[in-house]
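got a structure for you, letters missing:
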């Protein structure tokens, strides 16, 4: 690994870790983080292109930035995540547009960080399901008051949230239920970005963990291990 790549990786990692901390504590990230890291990384990218001048590398860099930025903005436009997540992907694509990880489907760092992050976030769903499953095995009536709900919706709730006794004390959690005509129903507003307060203590809620944290983990994993999609494809070929 050359010093330019190492410097850019350090810039991105420091910026992403700091931004993730800010997002976790305040649920907002100052734009200065993206401007400073993006500018510093972008300058090093320009230096790298000049030092290694190669038309193919120049074209690949342009494609990487365009695809990553375009997809990042599209995800934000359709409400699939917040503005900080989009800015993070754009910053990564400017600072390190091309990186050949140990295992990868493509060398586009921004796209790989996003796909890795999305796959990492699936781990949260599995953890929630296992938590609810053990609660049922222990005899807890987590679906009390929801007997009228369909089984498929109960299973979906097990992947998306938990039932707690002190829901109104939880900070940065979404209510996973609503009341209609005196009955409680699950509410699966997966892409809502505004936090609501739980209206009761004994309530199903879902953790509002910022996607930015998973994208940060996805970037670090891509640098150290590679593209999870490639690892999955490799594993499938062995089956």
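Yes, it's here. Since the model is a prediction, treat every value here as computed from it, not as a measurement.

drop to CA atoms for contacts and neighbour counts, all remaining ones
Fine.

so where's this protein uncertain?
Applying pLDDT under 70 to the chain flags residues 1, 189-196, 238-239.

one more time with 80, if that's ok
1, 79-80, 167-172, 189-200, 208, 238-239 (pLDDT under 80).

for it, longest helix please?
helix 109-137 (DSSP state H).

And the next helix or strand past that one?
Going down the chain from helix 109-137, the next helix or strand is helix 151-160, by DSSP states H and E.

Which elements pack onto that following helix?
helix 109-137 (3 or more C-alpha pairs under 8 Å, 6 or more residues apart in numbering; DSSP states H and E).

Which neighbouring elements make contact with the helix it packs on?
Packed next to helix 109-137, using 3+ C-alpha pairs under 8 Å, 6+ apart, are helix 55-77, helix 83-95, helix 151-160, strand 162-164, helix 211-224, helix 228-238.

cutoff 7 Å now
helix 83-95, helix 151-160, helix 211-224 (3 or more C-alpha pairs under 7 Å, 6 or more residues apart in numbering; DSSP states H and E).

For stretch 172-179, buried residues please.
Neighbour counts over stretch 172-179 (16 or more other C-alpha atoms under 10 Å) mark 172, 173, 174, 175, 176, 177, 178 as buried.

In strands, which of those residues fall?
Those of those mapping onto strands are 173, 174, 175, 177, 178, per DSSP state E.

Against residue 107, how distant is the second one?
Right, the one you point to is residue 174. 36 Å (C-alpha to C-alpha, to the nearest Å).

one step back: so which of the ones in strands among the buried residues of stretch 172-179 is the closest to residue 214?
Nearest to residue 214 among those: residue 173, at 17.1 Å, using C-alpha to C-alpha.

What is the neighbour count of the closest residue to residue 73 other than its chain neighbours?
Nearest residue to residue 73, sequence neighbours excluded (C-alpha to C-alpha, 6 or more residues apart in numbering): residue 86, at 6.0 Å. Residue crowding around residue 86 was assessed by other C-alpha atoms under 10 Å; the count is 22.

For residue 86, give me its contacts.
Contacts for residue 86 (C-alpha atoms under 7 Å, 6 or more residues apart in numbering) come out as 72, 73, 76.

distance of the most centrally placed residue in the chain from residue 118?
The residue lying closest to the centre of the chain (C-alpha atoms, centre = their mean) is residue 211, at 3.0 Å. Separation of residue 211 from residue 118 (C-alpha to C-alpha): 8 Å.

Give the full set of residues in contact with residue 143.
Per C-alpha under 7 Å, 6+ apart, neighbours of residue 143: none.

For it, give me phi and psi.
Per-residue torsions, residue 143: phi -110, psi 20 (degrees, to the nearest 10).

cool, the one 3 residues further on as well?
Comment: the main-chain dihedrals of residue 146 come out as phi -120, psi 20, following degrees, to the nearest 10.

Does the spatially closest residue to it that is not a sequence neighbour lie in a helix or a strand, and which?
Excluding the flanking residues, the one nearest residue 146 by C-alpha to C-alpha, 6+ apart is residue 184, at 6.3 Å. Assigned by DSSP H and E, residue 184 falls within strand 183-186.
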